[in-house]
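Undergrad: Need a 3D model of the sequence below.
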Amino acid sequence: MFVKITSVAALPDYILLVGFATGEYKQFDLKPLIEKYAPFKSLRQVEGLYEQVKIDVGGYGLVWNDDLDIAADGLYEKGSPCAPPSDMTADRQKLIEEFVKARRSAHLTQKQLEVLSGIPQPCIARTERGITDPQLTTFMRMLEPLGLTLSISDIKN
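TA: The predicted model follows:
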């Protein structure tokens with residue numbers, strides 16, 4: 001059975017959270033592959049490689065580089081079913097809206113924020129339009145000139 005991949009997250013301890021077009025989510029433990037197959041050992045040996053996982057064109061699998069990939073059907077068949085993550089889309093949209101509101105309240109244009117933060121204006125624009133998710137350090141650099149930072153809080157049910 002072929003199911004397309006729609007999302008992936010690299011969780012701690014070499015566990016992937018994979019979302020499928022069926023609406024199902026599965027966790028896939030990479031440790032057995034890392035122990036058994038030489039190409040997968042690089043996920044432990046090359047710093048930051050594991051976190052670079054992305055969905056292959058068309059959702060047919062996951063890739064890290066030209067030498068390392070996993071097919072969608074294997075992930076689906078051998079993954080452990082799990083609950084879907086919280087609605088991050090709504091949380092993400094709210095975060096973007098608050099960021100844009102704060103920039104405008106500070107009476108700053110995107111170009112002015114570029115000068116103050118060192119983040120290129122096109123990156124700021126793509127973030128505000130929801131086209132891209134900046135790295136955490138990039139987003140924090142955009143928040144700093146606005147007198148803001150990020151914090152962690154409990155999820156409210």
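Undergrad: Quick check: beta-bridge partners of residue 11?
TA: residue 15 (DSSP bridges).
Undergrad: and it, how many neighbours does it have?
TA: By the measure other C-beta atoms under 10 Å, the count of residues near residue 11 is 14. All C-beta atoms are positioned from the backbone trio N, CA, C, and that covers glycine.
Undergrad: Likewise for residue 154?
TA: 5.
Undergrad: Just the pLDDT at it, thanks.
TA: We have a pLDDT of 71 for residue 154.
Undergrad: Now do the contacts for residue 39.
TA: 67-68 (C-beta atoms under 8 Å, 6 or more residues apart in numbering).
Undergrad: For it, give its distance to residue 65.
TA: Separation of residue 39 from residue 65 (C-beta to C-beta, to the nearest Å) stands at 9 Å.
Undergrad: Would you mark the buried spots in stretch 19-37?
TA: By 16 or more other C-beta atoms under 10 Å, the buried positions in stretch 19-37 come out as 19-20, 25-26, 28, 30, 33-34.
Undergrad: the helices in the protein, which residues?
TA: Along the chain, the stretches classed as helices by DSSP state H are 31-36, 38-45, 72-78, 88-105, 110-117, 121-128, 136-143.
Undergrad: Could you list the residues in contact with the first one?
TA: Spelled out, it's helix 31-36. Helix 31-36 is contacted by residues 13-14, 40-41, 43-44, 70 when judged by C-beta under 8 Å, 6+ apart.
Undergrad: Counting neighbours, what do you get for residue 103?
TA: Other residues within reach of residue 103, judged by other C-beta under 10 Å, total 21.
Undergrad: And residue 2, by the same measure?
TA: For residue 2, using other C-beta under 10 Å, the count is 10.
Undergrad: Test my guess that residue 11 contacts residue 25.
TA: No. Using C-beta atoms under 8 Å, residue 11 is not in contact with residue 25, being 11.5 Å away.
Undergrad: Quickly list what's touching both of those two.
TA: Common contacts of residue 11 and residue 25 (C-beta under 8 Å, 6+ apart): residue 17.
Undergrad: Find the nearest non-adjacent residue to residue 2, please.
TA: Spatial nearest neighbour of residue 2, excluding adjacent residues (C-beta to C-beta, 6 or more residues apart in numbering): residue 73 at 5.6 Å.
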